[in-house]
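Visitor: only geometry, no sequence info:
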């Protein structure tokens, strides 16, 4: 997977490696749903989940290890980097920067440990990024129930209650961010 591409069948176009960048600290309550959303992606190319553990004291790292085989079976490598022992928490920014430094993908997709992606997120964002190489592709995110003050909360209908949802299209054309090669 270091090449950033998976082997292709005859006549099949190579699909780029997409790196999911995840800062994490004490996220055990959120990880199963986040990881399930990673596994449910419609994108069929290779991905890597690059996680920076910022000193978790709960079962976060153990949960990631329990999911390693499921991720591997779906062609998703798991790369975990840990903060040094006794180091103070560095925050999400530091976590993203360290994870970016460890990833090998051609495209980056930011996914916090407490987020849930819609199944088409990576595929749709990658298509938009490839269609306009100068674009920075992003998303509109809604959080309800337990959202932190730094994130907007918007009411969601019925089954989406208590989840993070992402809407694509319109002016919000931002998604996997292209890495310089």
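Guide: That came in fine, so what should we check first? What you are looking at is a predicted structure, and each value in this text was computed from that prediction instead of being measured.
Visitor: Residue 129 contacts residue 135, doesn't it?
Guide: Yes - Residue 129 is within contact range of residue 135, at 6.0 Å (criterion: Cβ atoms under 8 Å). The C-beta positions use only the backbone N, C-alpha and C, and glycine is treated the same way.
Visitor: okay, these two: which has more neighbours?
Guide: A count of neighbours by other Cβ atoms under 10 Å puts residue 129 above the other of residue 129 and residue 135, at 25 against 16.
Visitor: can you pull the buried residues of the helix or strand hosting the more buried one?
Guide: Counting by DSSP states H and E, the element that carries residue 129 is helix 121-131. Neighbour-count burial for helix 121-131, counted by 16 or more other Cβ atoms under 10 Å, picks out 121-126, 128-129.
Visitor: Helix, strand, or coil at residue 68?
Guide: helix (DSSP: H, G, I helix; E, B strand; the rest coil).
Visitor: what does the model give it for pLDDT?
Guide: Note for residue 68: predicted pLDDT of 98.
Visitor: for the chain, what spans make up the strands?
Guide: For the chain, the strands defined by DSSP state E cover 18-24, 47-53, 76-82, 107-110, 140-143, 164-167, 177-178.
Visitor: Number of residues surrounding residue 69?
Guide: 10.
Visitor: quick one: it and residue 17, what's the gap?
Guide: 20 Å (Cβ to Cβ, to the nearest Å).
Visitor: ok so, going back, ranking the strands of the chain by mean neighbour count, which comes first?
Guide: Highest mean neighbour count of these: strand 18-24, a mean of 27 (counted as mean count of other Cβ atoms under 10 Å).
Visitor: relative orientation of that one and strand 47-53 in degrees?
Guide: Put simply, strand 18-24 runs at 20 degrees to strand 47-53, going by axes from the mean of the first three to the mean of the last three Cα atoms, to 10 degrees.
Visitor: Strand 18-24 pairs with which strands, parallel or anti?
Guide: Sheet pairing for strand 18-24, assigned by DSSP bridges, gives strand 47-53 (parallel), strand 107-110 (parallel).
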